[in-house]
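Enquirer: below is the sequence, then the predicted model.
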Amino acid sequence: MTHQQPVRRASAVAEPTAGDDEAAPRATTTPDQAPAGPDRIPAGPDQASAGPDRVSAGPDRVSAGPDQASAGPDRGTLRLALVVGGLVLAVLLGFGLGRMNTTGAASGSPSLAAEHTDPPGVGPHNHGSAVGADPGGAIEPGGLAVSAAGFTLAPLTNEFAANRPGQLRFQVRDAQRRSVTRFAIVHDKPMHLIVVRRDLTGYQHLHPTMAADGTWSVPLTLARPGVWRAYADFTVVADDGTQTAVTLGTDLVVPGDYQPVALPAPATSTTVGGFTVAYQGTPQAGTTVPLTFRVDGPAGAAPLERYLGAYGHLVALREGDLGYLHVHPEPELVDGQIKFWLTVPGPGRYRLYLDFQVDQKVQTANFTQTIP
C-alpha cells in the first residue's frame, strides 16, 4: 500500500600537529635555582631569562618556571579533554534524537502523515507484502505473516463470540517494540482492515481509528464460528518522509461448530443489491493483465461514485494460504467501466471482492477465479 532513519553518530579524531611531534626541551636549573618545593619563588630575576636551556614562553609552550607550569593544563591534556567532551556530547545528542523519534508511542493526538503518493509514472498496481516482487516480476501476496519489513501486528483481542458485537483492538509495532503512530493516508484512510473467514466467506472492509498511543480499534461482528483472518493494510511514514506499504495478517477465533462453505463455481458475472456486475479479462500467474468491471442497474450503466478516492476497490484472496492482494484501479472510468491491472503470484483458486458505491451506498460483488 518501511523505513527507519538511522541515527547519525558524530565522531572525533585527535590528529597530531607539528608541534606535538617535537620534543619540548626541558628546563635546567643550577643548585641555586632548584626550588625547595612547589611553592618556591625564584631567587632572582636572572632565573626568568629564556636562555638556551630554557623552554620558550610562546603561546604553544609552558614556561619552565614553577609559577608558570602551574598556570593551567598542558596542550595535550586540553586536546584530550576536548575530544572526550565531543564524544560525550555526540552520544547525548544521538540519545536525545532517538527519544524524539515520533514512530514510538507519544502523548497527544495521533500522528497521521500526509497523503500517500506513489512514485511518478506508477499507474494502477497491486499492494502485496512489504517484501515486494520476485525476480520474475510477480507480486508476492501480503498478509501471510504477522511480522514483515521490521513491523509486527500485535492484536490486543483475538477471540469473539459468534454473531455478537465486539471490538477489535491492535497495534503496529516497530523492531524496537514501540507502537507506530505515523501512517500515510492511502485512499482516504490511514488503515484498511480486511476480515474474512478462512473459507473466504463473511468478507468485511473496515477502517479502524487510532488512539494517541497507537492503538487501533474498530467494532467487529463475526457471524459464524471458525477461524477468521484479519489483514492490516497500511503505509508507514519514516522520519525522513519515505513511505513503506505493508500488509500484515493475524487469525481471529470464534469458538463453536465450524461448518465450512464451499466456494461457488467460477463465473464472470454476479448480482448484488439490485446491480449486475460483470468483468472481462483473464488473470494469469506471474503476468499483469487488465480486468475491467461493468456495473449495470435497472436502467443501464450505474452512476458510480468515488469510494475512498476511487471508483472501485478490488481485493483478491488465494484459497489455502489466504494470500492477499489489494489492487488499485485507473484513476478515471474507462468507457464507463472500472479498470484494474492484476498480477496474481501463482496458480490456484482466488476469491475476488469488488467494492463500489452508488447513491452513497457501498456494495461488494464476489467472484471465484481459477488460475491454471
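Expert: Nice, I can see it.

Enquirer: pretty sure V227 sits in a strand.
Expert: Yes. Under DSSP: H, G, I helix; E, B strand; the rest coil, V227 sits within a strand.

Enquirer: tell me the contacts of the residue nearest to it when sequence neighbours are not counted?
Expert: Excluding the flanking residues, the one nearest V227 by C-beta to C-beta, 6 or more residues apart in numbering is R198, at 5.0 Å. (C-beta placed from N, C-alpha, C; glycine too.) Counting by C-beta atoms under 8 Å, 6 or more residues apart in numbering, R198 makes contact with G226, V227, W228, R229, P260, L322.

Enquirer: can you tell me the SS state at the last one?
Expert: Looking back up the chat, that one is L322. Look at L322: counting by three-state DSSP, its state is coil.

Enquirer: can you get me a residue count around it?
Expert: Per other C-beta atoms under 10 Å, the neighbour tally for L322 reads 19.

Enquirer: low-confidence ranges, this protein, go.
Expert: Across the chain, residues meeting the criterion (pLDDT under 70) sit at 1-139.

Enquirer: show residues contacting stretch 295-311.
Expert: Taking C-beta under 8 Å, 6+ apart as the rule, stretch 295-311 contacts 187-189, 274-278, 294, 312-313, 328-329, 331-333, 336, 338, 355-360, 362, 365.

Enquirer: which of the residues you listed fall in helices?
Expert: Among the contacts of stretch 295-311, DSSP state H puts none in helices.

Enquirer: buried ones among the residues you listed?
Expert: 187, 189, 275, 277-278, 294, 312-313, 328-329, 338, 355-358, 365 (16 or more other C-beta atoms under 10 Å).

Enquirer: for T181, state which of those is nearest.
Expert: Proximity of the buried ones among the contacts of stretch 295-311 to T181 was ranked by C-beta to C-beta; the top entry is K189 with 15.4 Å.

Enquirer: is that closest one in a bridge, and if so with what?
Expert: For K189, the beta-bridge assignment (DSSP bridges) gives partners V186.

Enquirer: so that it lines up with my notes, have the first residue be 628 from now on.
Expert: Sure, I'll start numbering at 628, so the last one becomes K816.

Enquirer: is it true that it touches H834?
Expert: Yes. K816 lies in contact with H834 (C-beta atoms under 8 Å); the separation is 4.8 Å.

Enquirer: so which elements touch the helix or strand encompassing A857?
Expert: Applying DSSP states H and E as the criterion places A857 in strand 853-864. Secondary-structure packing of strand 853-864 (3 or more C-beta pairs under 8 Å, 6 or more residues apart in numbering; DSSP states H and E): strand 778-782, strand 793-800, strand 810-812, strand 818-824, strand 870-881, strand 951-954.

Enquirer: which ones are touching V881?
Expert: Contacts of V881 by C-beta under 8 Å, 6+ apart are E786, F787, A788, A789, L849, R851, P852, G853, V854, W855.

Enquirer: now do the buried residues in stretch 822-833.
Expert: V822, V823, R824, R825, D826, L827, T828, G829, Y830, Q831, H832.

Enquirer: how close does the third one get to L960?
Expert: With distances taken as C-beta to C-beta, to the nearest Å, R824 is found 32 Å from L960.

Enquirer: ok, the first one next?
Expert: Taken as C-beta to C-beta, the spacing of V822 relative to L960 amounts to 29 Å.

Enquirer: how about the fourth one?
Expert: As judged by C-beta to C-beta, R825 and L960 stand 34 Å apart.

Enquirer: just the fifth one next, same as before
Expert: D826 is 33 Å from L960, where distance means C-beta to C-beta.

Enquirer: first-to-last residue distance for stretch 881-900?
Expert: 28 Å (C-alpha to C-alpha, to the nearest Å).

Enquirer: got the contact list for T784?
Expert: Residues in contact with T784 (C-beta under 8 Å, 6+ apart) are G793, Q794, L795, R796, F797.

Enquirer: so it: helix, strand or coil?
Expert: Secondary structure for T784, judged by three-state DSSP, is coil.

Enquirer: quick revisit: can you give me the buried ones in the strand holding A857?
Expert: Buried positions in strand 853-864, judged by neighbour count with 16+ other C-beta under 10 Å: G853, W855, R856, A857, Y858, A859, D860, F861, T862, V863, V864.

Enquirer: ok, now stretch 956-975?
Expert: Buried, per 16+ other C-beta under 10 Å, within stretch 956-975: P956, E957, Q964, I965, K966, F967, W968, L969, T970, V971, P972, G975.

Enquirer: tell me the one of these nearest T779?
Expert: The nearest member of these to T779, counting by C-beta to C-beta, is P972 at 23.0 Å.

Enquirer: would you confirm that that closest one contacts Q911?
Expert: No. Contact status for P972 versus Q911: not in contact, 11.2 Å apart, counting by C-beta under 8 Å.
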